[in-house]
Structures are given as C-alpha cells and as structure tokens.
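Trainee: coordinates for the following, if possible.
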Amino acid sequence: MKRFNKIFVLLTEEHYQEEIKKIKDFLYKIQPEKIYFDILIEEHDYFEIDFPKLKDDIKTFLKNNITINYELIEKNKEEEIIKFSISENIDLLILFNYRETNLVDDYIIKILTKSNSNILLIPAEYENLNIQKIMVATDFSDYSKEALEYGKYIQNLFQGSTIKIIHIAAIPVGYHYTGLSLEEFSLRLKDNANKKMKEFLKQDDIPYEIHTVYKHKKVVSEILRIAATEKMDLLILGSQGANSKLELFYPGSTTMKMVNIHTLPLLVVKIKERHKSLLEKIFLPS
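Mentor: Numbers count the residues shown, from 1 in each chain. All right, here's what the predicted structure looks like:
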C-alpha cells in the first residue's frame, strides 16, 4: 500500500492561516511520520517584509492548530525546496495555487518539473480538503497505475469516500482515412479502451467511465468537465502519460495543461524510484 510518510507544505506569506486550516483534517487523516512547513517569500518592490516576526507568527499559529509532529524550516527558493525534497525523500509536496492569470505560478512549474515527489496542488478558491469523491484519470500507463494506488490509499483513509476511474480516448484528426464514420471509429476506440481497462484493473472492482473526444486538445477540458459535473473532491493523474518520451524533466502535455487550468485539488503522481538517482547527482553533488 502506498503511503505519504513525509509531507512538505509550502505556505504563502499572505494566506498561511487559511492554508493550514484547509489541509489540517487531511494531515490528520494521513498521519505522516513527519511534516515540514515552509513559507514562500515573494520579492517586494515597495517594502521589506519583517521575516523574523512572520516566522514567529507562523510558529504560534502552528502550535495552536497542529498537534501532530512537524518542523518549520527555511527553504525559500525553488532550488532549495527541490534539493530538500530529494535529500529527505519527501513523499508529498503540497502547494497552493493562486493563479492571477491563466497560467500557474513559475515556482510551481519549477518544483513540478524538477522534484521527484508527488505534488498536491490546491486552488486558492478551494475551502477545505475533505475528500469524499476521488477521480483517477488513466491512460493505462505505469504512471496511471501509480496514480490508482494512491487513489486507493486515500480512499482507505477517508471513511465513506468513493473512487472512480476515467479514461478519455481521443479521436485523431485523420480517423476518416480508415474508412469508418466518426461514430464507428468512436465505438472501436471505446471497445479497445474497455479491454485495456479490464486488464488495467485486474482484480480491482472499481467503477469507471470511458469517453471519446474529437482531437487531443479537448482531453483536459473533458476530464475537468466530468469531474466538476460529478462534484469530485480530488483529481489524481500521473505526471507522464503512455506516450511521454522525455519523462524526467518534462511532465506530459496533458499533465501540464491540467496543472494550468485545474479547478479542484489535483494530485500529480510520480514514480520516485525512476528519477531519484539521477536527480541526486544533479541537485545533490557530493
């Protein structure tokens, strides 16, 4: 069974109180061996932040609100956070997404790209991480298998929660060269996906849905539409898909699109063992 034994939470200077409240119940359910809290300090053009006071305020707030084992550290730059996550073998990095444009903050992209930890992104508008409905998006890859294992782990922790798998089959632009109509091609895709899903699930009796969309660009919006319609509390997907070739530093295109426009908590799952040795050589030189 997969576990989050070590969790790293990156707070923001303006919203740390709300952020701690959002994830407090989630942390109590997980009961990790260790939690590390850090504060992201942005550059200010017009004033200098009183960091010692901020740190004292956070210490006081944590002391009054968190009763499980934790440590407040100081790793304010992206590279330091990445190095720490590798050296301490962090299982889960929790980041809060305060998108002011249509794109996610640069620091989130850097951490997502270079860290080998699983990453939980929580949108600013999300009020409380109380997980009752989980959706796992799959393309039947090894990363999807890892995502499903974490989905089952989280479901086991949240009493009464449910889990569902979704697969979106994208109809290619040139489908008509096969001589099949759009409806016929769609049915064949679904039949093939059903066979793959049964092999993917094996002995797991988990409900699933298979949808087809025309053109690859609609996959992400379709996943989010279905997740929103079914009022999911958490969406899980692998950092790479079945067709990713540069899997170390370049998360798959579907994953990156999802990171940029997600509207509910998003867990991006990595296979830590595939990346760790090379990342250690790059970020932790002896």
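
Trainee: please enumerate the helices of this protein.
Mentor: Here the chain has its helices, by DSSP state H, at 16-30, 51-65, 78-87, 106-114, 142-157, 182-201, 219-229, 253-261, 272-283.

Trainee: how many neighbours does Pro32 have?
Mentor: When neighbours are counted by other Cβ atoms under 10 Å, Pro32 registers 18. C-beta coordinates here come from the backbone N, C-alpha and C atoms, glycine included.

Trainee: what does Glu149 give?
Mentor: 15.

Trainee: find the nearest non-adjacent residue to it, please.
Mentor: Nearest residue to Glu149, sequence neighbours excluded (Cβ to Cβ, 6 or more residues apart in numbering): Lys2, at 4.7 Å.

Trainee: the one you found: neighbour count?
Mentor: Neighbour number of Lys2 under other Cβ under 10 Å is 16.

Trainee: I figured Val220 was touching Val259, is that so?
Mentor: No: using Cβ atoms under 8 Å, Val220 is not in contact with Val259, being 9.7 Å away.

Trainee: quick check: phi and psi on the residue in the chain sticking out farthest from the centre?
Mentor: Taking Cα atoms, centre = their mean, the residue of the chain most remote from its mean C-alpha position is Gly179, at 39.7 Å. Per-residue torsions, Gly179: phi 90, psi 0 (degrees, to the nearest 10).

Trainee: how close does it sit to Ala193?
Mentor: 21 Å (Cβ to Cβ, to the nearest Å).

Trainee: how about Lys75?
Mentor: From Lys75 to Ala193 the distance is 42 Å (Cβ to Cβ).

Trainee: over to Lys145?
Mentor: As defined by Cβ to Cβ, Lys145 lies at a distance of 16 Å from Ala193.

Trainee: ok, Ile131 - contacts?
Mentor: Ile131 makes contact with Phe26, Ile154, Phe158, Ser161, Asp233, Leu234, Pro265 under the criterion Cβ atoms under 8 Å, 6 or more residues apart in numbering.

Trainee: how much space separates Phe51 from Leu267?
Mentor: 31 Å.

Trainee: repeat that for Gln132.
Mentor: On the measure of Cβ to Cβ, Gln132 and Leu267 end up 15 Å apart.

Trainee: so between those two, which is more surrounded?
Mentor: Counted by other Cβ under 10 Å, Gln132 and Leu267 do not tie: Leu267 has more neighbours, with 23 against 14.

Trainee: just checking, that one touches Leu234?
Mentor: Yes: counting by Cβ under 8 Å, Leu234 is a contact partner of Leu267 at 6.3 Å.

Trainee: need the residues touching each of those two.
Mentor: Ile154.

Trainee: report how many residues lie close to Asp139.
Mentor: By other Cβ under 10 Å, the residues close to Asp139 number 23.

Trainee: surely it meets His167?
Mentor: Yes: counting by Cβ under 8 Å, His167 is a contact partner of Asp139 at 6.9 Å.

Trainee: nearest to Gly238, out of the helices of the chain?
Mentor: helix 142-157 (2.6 Å; Cβ to Cβ).

Trainee: which strands and helices sit next to the closest one?
Mentor: Counting contacts by 3 or more Cβ pairs under 8 Å, 6 or more residues apart in numbering; DSSP states H and E, helix 142-157 is packed against strand 133-137, strand 162-171, helix 182-201, strand 234-238, strand 266-269.
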